[in-house]
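Engineer: give me a 3D structure for the following:
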Amino acid sequence: MNTANWIPDLFMKRVMEAGEWSLFSPSETPDLHDLYGAAFEKRYREYEAMGERGELKVYKRIPALSLWRKMLTMLFETGHPWVTFKDPCNIRSPQSHMGVVHSSNLCTEITLNTNDNEIAVCNLGSINLAAHLKDGKLDAEKLQRTVRIALRMLDNVIDINFYPVKKARNSNLKHRPVGMGIMGFRDCLHQMRISYASSEAVEFADESMEMVAYYAYWASTELAEERGRYPSYKGSLWDRGILPHDSINLLAAERGGYLDIDRTERQDWNALRERIREHGMRNSNCLAIAPTATIANIVGVSASIEPTYQNLFVKSNLSGEFTVTNEYLVRDLKKAGLWDEVMVADLKYFDGSLGRIDRVPEQLKGIYATAFEVDPKWLVEAASRRQKWIDQAQSLNLYMAGASGKKLDELYKHAWVKGLKTTYYLRTLAASNAEKSTGRGGELNAVPSSGGVSGGYQAAAESAAPAADSTPATDVKFCSIDNPDCEACQ
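Structural biologist: All right, here's what the predicted structure looks like:
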């Protein structure tokens with residue numbers, strides 16, 4: 001089971017304001033399950049009044065902060081339940097006229113209606129963003145062409161797919177949702193020489209997602225013109241002329257504060273609104289950012305919207321174990337004359353982190369900072385910029401070094417205020433690491449940038465394992481990257 005807390009805005013308001021939260025039995029308050037926004041808040045207060053009058057068998061009031069802390073404590077200790085927000089998922093849903101979003105999928109990016117007669121189904125695909133970068137900028141023409149083809153392919157799958165149960169088939173043919181996402185975001189930042197923890201990365205997240213969204217929604221109108229609108233189109237937000245980023249106004253009105261989302265636009269959205277008014281949409285939903293772990297690995301780019309987890313790690317499969325390095329980092333270190341056996345040893349000792357390797361320039365340390373070296377608020381900021389364009393949600397892992405109750409509290413409140421619909425795994429560092437047995441670490445930092453190996457390094461290596469290996473340190477073998485004869489490089 002993969003569990004999540006489906007959190008209404010009213011609860012978060014009371015957390016922010018140090019108010020109280022009321023607990024009921026679902027058997028006595030069954031309609032709350034299908035309510036959200038202002039309607040939920042109104043009915044919830046009515047039930048609270050009933051509880052105060054003694055009209056409910058099960059009723060209890062506790063400080064909202066106590067429950068919030070318990071939720072975050074469980075998340076930190078066990079990894080579950082994940083933190084997801086009920087109201088933005090429903091209020092901003094293009095299909096709000098057809099029912100209620102009761103949950104997300106496992107990876108928290110699919111937010112579709114479910115009921116007694118429908119099982120939500122969504123066909124996913126992801127654009128390799130790194131393959132559309134040209135001279136440090138996104139190639140708009142190429143990206144548009146790729147998105148148009150990809151959306152057509154995903155729409156085709158709806159008709160040719162095999163459905164094991166009738167409820168799934170009925171739902172998919174009725175609403176025709178698809179979920180196009182992106183991968184290789186980190187690769188783009190590396191090529192553009194941008195640190196994930198920067199306003200430039202946040203701006204790129206905004207710009208790139210807006211382009212994908214604009215082209216995807218436009219492609220759906222072209223399919224609608226060619227093949228017809230999806231059956232449940234009438235009454236949707238699309239039909240009412242409300243695009244996904246327009247729906248932020250609906251959320252602001254329902255929430256009544258606690259919302260801070262950048263509203264910058266770059267594309268000609270009025271032209272798209274006019275086209276939708278004329279031709280409609282082929283798909284109820286078009287976008288969702290999935291984790292892409294496997295397909296990104298096959299293609300050879302970073303997964304989804306993830307930061308660099310480690311610059312050096314070991315991958316295992318049926319063929320054996322392979323040491324994987326960040327190829328962008330290796331190339332930059334080569335250009336700087338820093339790629340040698342000394343650097344390899346230091347990278348191994350510090351688990352791929354550059355932070356404590358003195359001879360690495362600060363600019364490179366910023367560009368190649370690993371996930372736990374990046375303040376997680378930057379991940380939320382970038383996700384907020386993407387979320388305004390996406391009609392579903394995004395699979396957003398959050399990384400935190402030195403996790404504490406205060407940090408978790410601030411981070412997840414920040415995610416709510418920034419308008420995120422969902423969050424995925426909270427990833428934290430272990431309290432300790434396995435001791436490295438091949439060296440003390442850090443003794444290599446004084447090596448000159450020319451790559452010469454000092455006697456200090458050889459002595460340190462030999463003293464760490466005097467009888468294990470008599471090979472001189474200068475003969476240490478390491479991955480040379482881009483070597484066609486190296487199996488690991490392939």
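Engineer: could you pull out the strands for this structure?
Structural biologist: Counting by DSSP state E, the chain has strands at residues 4-7, 20-24, 59-63, 82-85, 123-128, 133-134, 137-138, 178-183, 312-317, 320-325, 398-400, 426-428.
Engineer: neighbouring strands - and their directions - for the last one?
Structural biologist: Strand 426-428 has these partner strands in its sheet, going by DSSP bridges: strand 398-400 (parallel).
Engineer: looking at the strands of the chain, which is buried most?
Structural biologist: Most buried of those, by mean neighbour count (mean count of other C-beta atoms under 10 Å): strand 178-183, with a mean of 26. The way it works is simple: take the backbone N, C-alpha and C, and place the C-beta from them, glycine included.
Engineer: so which elements touch that one?
Structural biologist: Strand 178-183 is packed against strand 123-128, helix 140-160, helix 199-227, helix 293-299, with contacts defined by 3 or more C-beta pairs under 8 Å, 6 or more residues apart in numbering; DSSP states H and E.
Engineer: quick one: that strand to helix 140-160, angle?
Structural biologist: Inter-element angle recorded for strand 178-183 and helix 140-160: 140 degrees (by axes from the mean of the first three to the mean of the last three C-alpha atoms, to 10 degrees).
Engineer: check the offset of strand 178-183 from the chain's centre.
Structural biologist: Here strand 178-183 is found 12 Å from its chain centre; the criterion is C-alpha atoms, centre = their mean, to the nearest Å.
Engineer: what's in contact with it?
Structural biologist: Under the contact criterion C-beta atoms under 8 Å, 6 or more residues apart in numbering, strand 178-183 has outside partners 109-110, 122-129, 147, 150-151, 154-155, 157-158, 208-209, 212, 216, 283, 285-290, 292, 295-296, 299, 301-305, 392, 394.
Engineer: if I look at the closest residue to residue 304 other than its chain neighbours, how far off is residue 215?
Structural biologist: With sequence-adjacent residues excluded and distances taken as C-beta to C-beta, 6 or more residues apart in numbering, residue 304 is closest to residue 292, at 4.6 Å. Distance of residue 292 to residue 215, computed by C-beta to C-beta, to the nearest Å: 19 Å.
Engineer: who's more crowded, those two?
Structural biologist: Between residue 292 and residue 215, counting by other C-beta atoms under 10 Å, residue 292 is the more crowded of the two (27 against 24).
Engineer: contacting residues for that one?
Structural biologist: For residue 292, the contact set (C-beta under 8 Å, 6+ apart) comprises 126, 181, 183, 303-304.
Engineer: try 10 Å this time
Structural biologist: When contacts are counted by C-beta atoms under 10 Å, 6 or more residues apart in numbering, residue 292 touches 107, 124-128, 181-184, 298-299, 301-306, 395.
Engineer: over to it: give its phi and psi.
Structural biologist: Main-chain dihedrals, residue 292, degrees, to the nearest 10: phi 60, psi 30.
Engineer: now the nearest residue to residue 380 once chain neighbours are set aside: how far from residue 291?
Structural biologist: Spatial nearest neighbour of residue 380, chain neighbours left out: residue 415 (5.1 Å); criterion: C-beta to C-beta, 6+ apart. Going from residue 415 to residue 291 by C-beta to C-beta gives 18 Å.
Engineer: now render the strands of the chain as CSV, adding mean pLDDT and distance to residue 366.
Structural biologist: Listed next are the strands of the chain as CSV, based on pLDDT from 0 to 100; distance: least, C-beta to C-beta, whole Å:
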stretch, mean pLDDT, distance to residue 366
strand 4-7, 96, 34
strand 20-24, 97, 42
strand 59-63, 97, 41
strand 82-85, 97, 29
strand 123-128, 95, 25
strand 133-134, 94, 19
strand 137-138, 95, 21
strand 178-183, 97, 23
strand 312-317, 80, 18
strand 320-325, 81, 19
strand 398-400, 94, 16
strand 426-428, 90, 21
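Engineer: for residue 63, which non-adjacent residue is closest in space?
Structural biologist: residue 20 (5.9 Å).
Engineer: my guess is the one you found contacts residue 51. True?
Structural biologist: No. The criterion here is C-beta atoms under 10 Å, and residue 20 misses it with residue 51 at 11.5 Å.
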